[in-house]
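1. turn this into a structure:
(one chain, ligands or ions: 1)
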Amino acid sequence: MDATSQPAVRCQAVAKTYDTGDSQVPALRGVDLEVHPGELLMLVGPSGCGKTTLISIIAGILDQDTGSCEVFGRDFLHMKDKEKLDYRARNIGFVFQAFNLLPTLTAAENVSVPLIINGTPRRQALQKAGEMLNRVGLGERGRSLPAQLSGGQQQRVAIARALVHNPRLVVCDEPTSALDHETGHKVMALMREVAMTHDRSLVIVTHDARIFGFADRIARMDDGHIESVTTQAPNARREDTPHVA
Ligand SMILES: Nc1ncnc2c1ncn2[C@@H]1O[C@H](COP(=O)(O)OP(=O)(O)OP(=O)(O)O)[C@@H](O)[C@H]1O
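-> Okay, the predicted model is just below:
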C-alpha cells in the first residue's frame with residue numbers, strides 16, 4: 001500500500017479495560033475503524049460508550065490493552081516514550097473535553113506550545129499563535145490568561161492550539177460544547193479548512209447534532225463497539241456551512 005492510499009487511522013480489534021482497583025471497567029470491546037486521508041469522521045454515541053477512550057488511544061495519550069491502532073502506519077504501542085512524544089507532536093492536534101489550557105500561560109503562549117515543542121523559535125511561534133487566535137476570532141485576547149476568558153473562548157484557544165502546527169490528524173473531544181450555534185459553525189468551518197488541506201484528517205467526538213452536517217462519515221458507538229458507520233451524501237453535507245473568508 002503506498003503512502004497516499006494508507007489510512008490516516010486504522011484500529012483493529014482495539015480493547016481497553018480500566019482497572020480501578022476494586023473493579024474492572026471494560027471501555028472498548030474490540031473496535032475496528034478506519035479514518036481516511038482527507039475526511040472528517042464524527043464519533044457519536046451515548047455517554048460512557050467509550051468515545052473518549054478510543055480517541056485517547058488514537059492520539060497516543062492512552063495505550064490499548066490488545067489490538068492495534070495505527071496512525072499513518074505506526075502504532076504508538078511499539079514506540080519508546082521519546083519517539084512517541086515526537087511523533088505525536090509532529091502529527092497530531094488534540095482538543096481535550098476540558099480544554100486543558102496551562103493556567104499560568106497566556107492564550108497566545110498556550111497556542112504556541114506545539115510549535116515550541118516542534119522546535120520553532122519562541123518569537124516565531126508566538127507570531128503564528130497570534131495569527132491562529134485571529135482565525136478563531138480571538139485576535140484581541142492573546143495576552144489574556146485562561147481564567148480571564150469565558151468557557152467558549154477557552155475552547156477556541158484549545159482549538160487554535162490543536163491546529164497551529166498544521167498536524168496531519170486532528171482529534172477533538174466535544175469541540176463545540178461551549179460554543180453558541182454561530183461560533184460553533186465558524187469553528188467547524190475553520191477546522192475543515194485548516195485541517196483538511198493536503199489529505200489531513202479529523203476525528204471529532206460530539207453530541208452536538210447541529211454540527212453533524214460537517215461530517216463525511218458518522219461512526220456510531222455503543223457499549224465499547226462501533227455499531228455502524230454511515231457515509232453522508234455530499235449534497236447532505238455542510239449545506240448550512242457558512243462561508244469563511
Ligand atoms: N480513568 C478511568 N477509570 C475508570 N473507568 C473509566 C476511566 N475513564 C473512563 N472510564 C469508564 O470507561 C467507560 C468509557 O468511558 P469514556 O469516557 O470513554 O466514554 P464516553 O463515550 O467518552 O463518555 P462521555 O460521552 O460521557 O464523555 C465508562 O464506563 C467510563 O466510566
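2. contact residues of the chain facing the ligand?
-> 18, 20, 25, 27, 45, 47-53 (Cβ under 6 Å from any ligand atom). (Each C-beta comes from the backbone N, C-alpha and C, glycine too.)
3. most widely separated two among those residues?
-> Among these, the pair separated by the greatest distance (Cβ to Cβ) is Thr20 and Gly45, at 21.8 Å.
4. between those two, tell me which one has more neighbours.
-> Neighbours per residue, other Cβ atoms under 10 Å: of Thr20 and Gly45, the larger number sits with Gly45, 20 against 8.
5. phi, psi of that one?
-> phi 150, psi 170 (degrees, to the nearest 10).
6. so the spatially closest residue to it that is not a sequence neighbour: helix, strand or coil?
-> In this structure, Gly45 finds its nearest non-sequential neighbour in Met221, 3.5 Å apart by Cβ to Cβ, 6 or more residues apart in numbering. Using DSSP: H, G, I helix; E, B strand; the rest coil, the three-state assignment for Met221 comes out as strand.
7. and the closest residue to Phe96 other than its chain neighbours, how far from Gln155?
-> In space, and not counting its chain neighbours, Phe96 is closest to Asp173: 5.9 Å by Cβ to Cβ, 6+ apart. With the distance defined as Cβ to Cβ, to the nearest Å, Asp173 ends up 11 Å from Gln155.
8. any residues in contact with both of those two?
-> Shared contacts of Asp173 and Gln155 (Cβ atoms under 8 Å, 6 or more residues apart in numbering): Val95.
9. and these two? which has more neighbours close in?
-> The residue with more neighbours, out of Asp173 and Gln155, is Gln155; 28 against 22, by other Cβ under 10 Å.
10. can I assume that one is in contact with Ser177?
-> Yes: with contact defined as Cβ atoms under 8 Å, Gln155 and Ser177 form a contacting pair (7.2 Å).
11. in helices, which of the residues of the chain next to the ligand fall?
-> 51-53 (DSSP state H).
12. helix or strand for the nearest residue to Leu62 once chain neighbours are set aside, which one?
-> Nearest non-adjacent residue to Leu62, counting by Cβ to Cβ, 6+ apart: Ser56, 4.0 Å away. Element membership for Ser56 (DSSP states H and E) is helix 51-58.
13. need the residues that contact the helix or strand just after that helix.
-> Counting by DSSP H and E, the element after helix 51-58 in chain order, helix or strand, is strand 66-71. By Cβ under 8 Å, 6+ apart, the list of residues contacting strand 66-71 from outside reads 7-15, 30-31, 57-58, 60, 75-77, 87, 91-92, 169.
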